[in-house]
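Novice: Coordinates for the following, if possible.
(2 chains)
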Amino acid sequence: MMYRALLRLYPKSFRGEYEGEMCAVFVQRKRDASGPFGMIALWIETFFDVLFNAARVHLDILVQDLRYFGRTLRQSPGYALTVVGIAGLGIGATTAAYSITDHVLLRPLPFPDADRLVTVMEWEPHYSRTELSPANYRDWKAQVKSFESFGAYTSLSANLAGEGEPERLAYSAVTAEVLPMIGVKPVLGRWFSQEDDRQGAAGTVILSYSLWQAKFGGSASVLGRKLLLDDSPCTVIGVMPAGFAFPKRQTDIWLPMRAFGQFGGAFDDPDRTNTFLVGIGKLRSGVTLEQANAELRLIAAQTERQYPKELKNVSAGAFNLHDDAISGQSKTMLMALLGASLCVLLIACTNLANLLLARAMARRKELAVRRALGAGRERLVRQLLTESLLLAFLGGALGMLIAVTATPLFAALVPTNLPIVALPSADWRVLSFGALATILTGLAFGVLPALKVTGGADLREGSRSGVGGRKERLRGALVVAEIAASVVLLVTAGLLIRAMSRIQGIDPGFRADHVLTLRTPVTGSRYEKTVPRVAFYKRVLSEVRALPGVESAAYISQLPMVWRGGIFTVTVNRQQPVDPSSQRALMRFVSPDFFRTLSIPLHLGRDVADTDVMTSPLVAVVSQSFARQYWPGENPLGKPFNFAFEDRMVIGVVGDVRVRGLERSSEPQVYLPYAQIKDGWFAGYIPQDLAIRTAQGDPVQLAPAARRIVAEAEPQLPVTNVRPLSEIVAGETASRRAQLVVLGGFAAIAFLLAAIGIHGLLAYAVSQRTQEIGVRIALGATRGNILQLIVGDAFVLAIIGILAGTAVAYGAGLELQSLLAGLSPKDFDAFSAGILLSLLMTIAGSFLPAMRAVRVDPATALRAE
Amino acid sequence: MQLPEATFHILMAVADEDRHGYGIIQDVLTSTGGKLKLSAGTLYRSIQRMLEQGLLVETRDRPEDDDERRRYYRITPSGREVAKAEALRLQQLVRLARKSGFASGRA
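Specialist: Coordinates of the predicted model:
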């Protein structure tokens, strides 16, 4: 009995032949065996015998099937190429989409215990989160018990001088706790110690791997080297490994918080409103995020009671480091892509099932012959499955190739504020996903035809050329599924295209054409004071304005859409606002001519002027929405208001700008003259970005001349971010564009595959019904009748598919609403375009078969019987 | 081409007499002096392949008193040819071995 069970390991065909015999032999053996040891030995021997030989028999059959398959392929290589190509597209699309989704959403951050890392922020209910003030950080750190470690960081950039071309480096200033908490060890040297992170300590710096490679050739002798960062000497003490990114992708160096630059003083500041730190904590094991949040809120409530004025409504919040860095929008985008890729895979599979079904039908005669010669059904199914799995395997290999080449297209969809590298590497997870997709694909398009065809196949049926209604219905259903899926993709792509053009149509509040922008980060000891700094600006601006073709040029703290923050609370008439969050405005320092350079309309009053200096009254140009909010119906010129610690007076009103980006509304804007900065104040607001408007031509042509002017004025100053303003605006839709390229690609593939599907179905039907058509023509049917017969079927399928697809597309549109920029998910244009394309596709797919049907010659058709 | 050892032994076992599966196992066991004991798996896998290759056929002739369910196998002319070719190959191999002094006897 047990032996019989063991024999199940053999293929059924083999078992059918030899099971009885083998059992008989086994019974004899048992009789011969002596004693319990003999029995045990026999069982062990038998077990391995069956295992080994069953595997060999399977292998024999496989080799046989492959040989047979090889022969058939040589007869029709086009078929194999089609199948492999379609499977490759489907698997490739899905694998690429999966690898990017996995990289961004599913995979934990590449740090040990990443799930226990949390971001800690100050948090005002009903408004938003802000960074921590050092004083709050210190108090909370002293009390909080939920974290096994608690640190803080802040990100800025510094000029590196004396190492070849001056360069601007993005850095993160971290407290000593941060890097050990994240837990990634340096490849060279060490982390910061408490000694390094202390007021007045000697400067130290840790390099990123890529900077180490690019600037120091990967040499180990870099340890101990002194770098000049914003004029302070810092000794290199470590290099982080390749792929390490924290807190965001592009971070060149890490510096100890207390020992560097502007934070040195500020870190022990008692001020509770100067908020610039991001807290990071590691939960003690067993402590949940909710528990930590509850504890933090209690502690924050206590500090609020101690400092009721400064910390009014300020609570605390802890957020999972990974989830926190991914916006809902990029999540939706990725899920949409994954869904779209599954649609493509589904279409590919149905298409392949149809192809294989048609082919299997054509082979019915051959299969029936083999069956008559004694091949069991199981044996035939097995052979067909081997074939489809082999094709899927080849398709899978092609698909992996496609996935690897296509993945860079998705790079723009990886949020840059995530501490991960730009592109996923093809690791075992992606490979095994690809393998799984391959096997499922092979089974999906292989099983159905195999069962279908071997089911009732006998010689008689194989010889007649009638078409079974049931099989046609199955193939029809597959085509309906294809059409529906392609409608979903076409409509979704259409919705997103419409949403994008809508966003591109949004007026940013300035004109981006013919403007060159570049960044000249004016920092370092020489420019700490405002007067020499303004002298530098004036020199650069006057020389740039003198260049041929330049209409105007100006400096601003940072350009709109480049820096989206920088907010202060506005008070008017000395009344503390009831709700401070409703009285915030964006602050920028500008040079004269800024509004003219960006073509921001000046509605009232005057621009800032070089005569607005520290000794003259403090003035401001405000945006229209600002004037409307505080002085509705009044003339705002000359009105005083308190903003950023000073009383200031309105001298001009300009148009509003979408500082926070095309898709978001912005706070009202306040522009202050670049000479009215108190020495040492507002470090983050110091004008850095130079904008130059040209009369015509490509503004980038001016870049070399502008660089030369800056280098002559200050040789140690790096010039970075040289690009036209239009590129900054285009960047607003870059990730959408990447998504659209991919989604559009998917839709195009789906469109093509569905057309092939319809073509395949009809071509087959026509070839099967040649006699019937011949008879009909002989009996007097017109070409119109025949056309109706063939194309009519296709249109019925198309209509059903389109109806189903439209319903699903509407559902998908609802899911995607956050990406639609206010467009209705029922958008008429997108839907009608998708439906129209699907109808076109049906016509295109049925054209050739219909032509063939119409040209059937009744005499030939009837003789063929 | 070299013949698998089991195949050669099976051919020798059915050379002068049709045998059923267990009979083949027994014959191989005695003729090799107990050194080669074919397992059921090896036997029937070999038989299946030999049937496909036409080295054996199944026969309906059987002794009168025998069990109806037992299957008997008979060697085909091509099976004999293959066995002879294999024997020749082995002979030549032994001759070479003698020449180099690995085996006793004259080259």
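Novice: where exactly do the strands run in the stretch 1-150 of chain A?
Specialist: A:117-123, A:129-130, A:147-161 (DSSP state E, counting those that start in this stretch).
Novice: Chain B too?
Specialist: Per DSSP state E, chain B carries strands over the ranges B:19-20, B:56-59, B:72-75.
Novice: The last one packs against which elements?
Specialist: In other words, strand B:72-75. Contacting strand B:72-75 under the criterion 3 or more C-beta pairs under 8 Å, 6 or more residues apart in numbering or on different chains; DSSP states H and E are the following elements: strand B:19-20, strand B:56-59. Yep, even glycine has a C-beta here, placed from its N, CA and C like the rest.
Novice: OK, now which residue of chain A is nearest to chain B?
Specialist: Closest to chain B within chain A is residue A:53: 3.1 Å, counting by C-beta to the nearest C-beta.
Novice: Give me the neighbour count for residue 54.
Specialist: No chain was given, so I picked chain A. Residue A:54: 20 surrounding residues under other C-beta atoms under 10 Å in any protein chain shown.
Novice: The chain in question should be chain B.
Specialist: Counted by other C-beta under 10 Å, the residues lying close to residue B:54 total 12.
Novice: Next one: the closest residue in space to it that isn't next to it in sequence relative to residue A:767, how far apart?
Specialist: Leaving aside its sequence neighbours, residue B:54 sits nearest to residue B:78 (C-beta to C-beta, 6 or more residues apart in numbering or on different chains; 5.5 Å). For residue B:78, the distance to residue A:767 equals 43 Å [C-beta to C-beta, to the nearest Å].
Novice: what about those two, which has more around it?
Specialist: The neighbour comparison of residue B:78 against residue A:767 (other C-beta under 10 Å) goes to residue A:767, with 15 against 12.
Novice: does the more buried one belong to a helix or a strand, and which?
Specialist: Residue A:767 belongs to helix A:734-768 when assigned by DSSP states H and E.
Novice: Packing partners of that helix?
Specialist: Under the contact definition 3+ C-beta pairs under 8 Å, 6+ apart, helix A:734-768 sits against helix A:77-101, helix A:328-362, helix A:469-504, helix A:783-815, helix A:828-854.
Novice: now do 10 Å
Specialist: Identification of packing neighbours for helix A:734-768 by 3 or more C-beta pairs under 10 Å, 6 or more residues apart in numbering or on different chains; DSSP states H and E yields helix A:77-101, helix A:328-362, helix A:469-504, helix A:725-731, helix A:783-815, helix A:828-854.
Novice: Reformat these as CSV; add distance to chain B and mean pLDDT.
Specialist: As requested, those are exported to CSV (distance: least, C-beta to the nearest C-beta, whole Å; pLDDT from 0 to 100):
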stretch, distance to chain B, mean pLDDT
helix A:77-101, 27, 84
helix A:328-362, 25, 82
helix A:469-504, 33, 84
helix A:725-731, 67, 90
helix A:783-815, 45, 87
helix A:828-854, 42, 86
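Novice: which residues touch the nearest residue to residue A:174 once chain neighbours are set aside?
Specialist: Once flanking residues are discounted, residue A:174 sits nearest to residue A:153: 4.3 Å by C-beta to C-beta, 6+ apart. Each residue near residue A:153 by C-beta atoms under 10 Å, 6 or more residues apart in numbering or on different chains is listed here: A:171-175, A:177-179, A:246-247, A:251, A:254-255, A:257, A:277-280.
Novice: how about the strands of the stretch 1-150 of chain A in CSV, adding distance to residue A:543 and mean pLDDT?
Specialist: Formatted as CSV, the strands of the stretch 1-150 of chain A follow (distance: least, C-beta to C-beta, whole Å; pLDDT from 0 to 100):
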stretch, distance to residue A:543, mean pLDDT
strand A:117-123, 44, 90
strand A:129-130, 40, 78
strand A:147-161, 21, 88
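Novice: What residues of the helix holding residue A:767 count as buried?
Specialist: Neighbour counts over helix A:734-768 (16 or more other C-beta atoms under 10 Å in any protein chain shown) mark A:735-740, A:742-747, A:749-766, A:768 as buried.
Novice: again with stretch A:186-205
Specialist: A:186, A:188, A:189, A:191, A:192, A:196, A:197, A:201, A:203, A:204, A:205.
Novice: Could you tell me how far that stretch lies from the centre of the chain?
Specialist: Relative to its parent chain, stretch A:186-205 has a centroid offset of 35 Å by C-alpha atoms, centre = their mean, to the nearest Å.
Novice: and the end-to-end length of it?
Specialist: Distance across stretch A:186-205, first residue to last, is 12 Å (C-alpha to C-alpha, to the nearest Å).
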